[in-house]
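> Please work out how this folds:
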Amino acid sequence: MSIEQLSINCDMGESFGIWKMGEDEEVMPWVDMANIACGFHASDPNIMSQTIQLALKYNVKIGAHPSYNDTQGFGRRSIAHTESEITHLMLYQIGAIKAIAALHEATVEYVKPHGALYNDMMRSPVIFKAIARAAQIYALPLMILSTSENEQYLEMADDFNVPLLFEAFADRSYLDNGQLTPRDHPKAVLHNSDDIYYQVMQIAKYGSVTTVSGQQLPIQADTICIHGDNPHSIVSIRKIKESIANL
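Below is the predicted model of the structure:
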């Protein structure tokens, strides 16, 4: 892993109407990539527009962050779909954010699924291929979870000529199999800013994370996700950004 390639991404634009989610204004200056919600788990056309403009202000790359159509569950509930329905779901949302980005003469540069759709993509080759097919239509790279099976995903993505961005998480814990710890687990989310910082530094310096059971898990990542709705992550973000830059 090359340190120069390690970027910071953050899920953003997840407010809805007058309801505010996350601290986008505070976080945006310190990230490289903004995963902007496309309206199905959060956001609306106005929020998408505002978030795109904020990303442009700080020269942050814009990514589509589509999900299952699950506003009430914040996209964290799996919904059964056929393979073609998953592709349509993706195309619909990516098309929406690309249209609003075009209004501001901005470019959507990649796709990162959200929540349950992201997790399901990593468990099911059928769902992965349905999402890759949509990314192929828009000629966009796809961001996925870095695991020990990166080569397998690269091979599947090659069938669609879709580049992959491998992601690790700053504020989520890991299972021994490389998957994220389910959110119903008491240690799923890191709630200590020092723990978040040290996990990122371990990934950046040593290419590994410590799992919830204490095992050392190799991990090769292109980008680190920091959640903008985790106040402990926000506290750490400037320090993380500056530390990565100095490695």
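> Just the helices from the protein, written as ranges.
Assigned helices in the chain, in chain order: 24-27, 45-57, 83-103, 115-123, 125-138, 150-158, 193-206, 231-246 (criterion: DSSP state H).
> okay if I get these as CSV plus distance to residue 179, mean neighbour count and mean pLDDT?
Every C-beta, even on glycine, is put in place using the N, C-alpha and C of the backbone. Listed next are those as CSV, based on distance: least, Cβ to Cβ, whole Å; neighbours: other Cβ atoms under 10 Å; pLDDT from 0 to 100:
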stretch, distance to residue 179, mean neighbour count, mean pLDDT
helix 24-27, 26, 18, 93
helix 45-57, 29, 18, 98
helix 83-103, 20, 18, 98
helix 115-123, 7, 20, 96
helix 125-138, 14, 20, 98
helix 150-158, 13, 14, 97
helix 193-206, 16, 18, 94
helix 231-246, 20, 17, 86
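> how close does residue 26 get to residue 87?
35 Å (Cβ to Cβ, to the nearest Å).
> Show the contacting residues for the closest residue to residue 78 other than its chain neighbours.
Take residue 78 and drop its neighbours on the chain: the residue closest to it by Cβ to Cβ, 6 or more residues apart in numbering is residue 116, 4.5 Å away. For residue 116, the contacting residues are 67, 68, 70, 75, 76, 77, 78, 79, taking Cβ atoms under 8 Å, 6 or more residues apart in numbering as the criterion.
> Do I have it right that the first one meets residue 37?
Yes - the pair formed by residue 67 and residue 37 meets the contact definition of Cβ atoms under 8 Å, at 7.4 Å.
> Overlap of the contact sets of the two?
Each of residue 114 lies in contact with both residue 67 and residue 37 under the rule Cβ under 8 Å, 6+ apart.
> can the helices of the chain go into CSV with extra columns for distance to residue 10?
What follows is these, written out as CSV (distance: least, Cβ to Cβ, whole Å):
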stretch, distance to residue 10
helix 24-27, 6
helix 45-57, 10
helix 83-103, 16
helix 115-123, 14
helix 125-138, 20
helix 150-158, 22
helix 193-206, 13
helix 231-246, 8
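> closest one to residue 180 among the ones you listed?
Relative to residue 180, the nearest member of the helices of the chain by Cβ to Cβ is helix 115-123, separated by 7.3 Å.
> What are the phi and psi values at the one residue sitting closest to the centre of the chain?
For the chain, the residue nearest the mean C-alpha position is residue 112 (5.1 Å; Cα atoms, centre = their mean). When read as degrees, to the nearest 10, the backbone of residue 112 gives phi -130, psi 110.
> Can you name the residues that contact it?
For residue 112, the contact set (Cβ under 8 Å, 6+ apart) comprises 9, 35, 63, 64, 65, 118, 142, 143, 165, 167.
> switch the cut-off to 10 Å
Under the criterion of Cβ atoms under 10 Å, 6 or more residues apart in numbering, the neighbours of residue 112 are 9, 11, 33, 35-36, 63-66, 118, 141-144, 165, 167, 223, 225.
> Need the pLDDT of the residue nearest to it when sequence neighbours are not counted.
Spatial nearest neighbour of residue 112, excluding adjacent residues (Cβ to Cβ, 6+ apart): residue 143 at 3.8 Å. The per-residue pLDDT reported for residue 143 equals 98.
> Residue 239 contacts residue 170, doesn't it?
No - judged on Cβ atoms under 10 Å, residue 239 makes no contact with residue 170 at a distance of 11.3 Å.
> Residue 33 versus residue 238, what's the distance?
Distance of residue 238 to residue 33, computed by Cβ to Cβ: 17 Å.
> Setting aside sequence neighbours, what's the nearest residue to residue 148?
Closest residue to residue 148 in three dimensions, ignoring its sequence neighbours and counting by Cβ to Cβ, 6+ apart: residue 178, at 5.3 Å.
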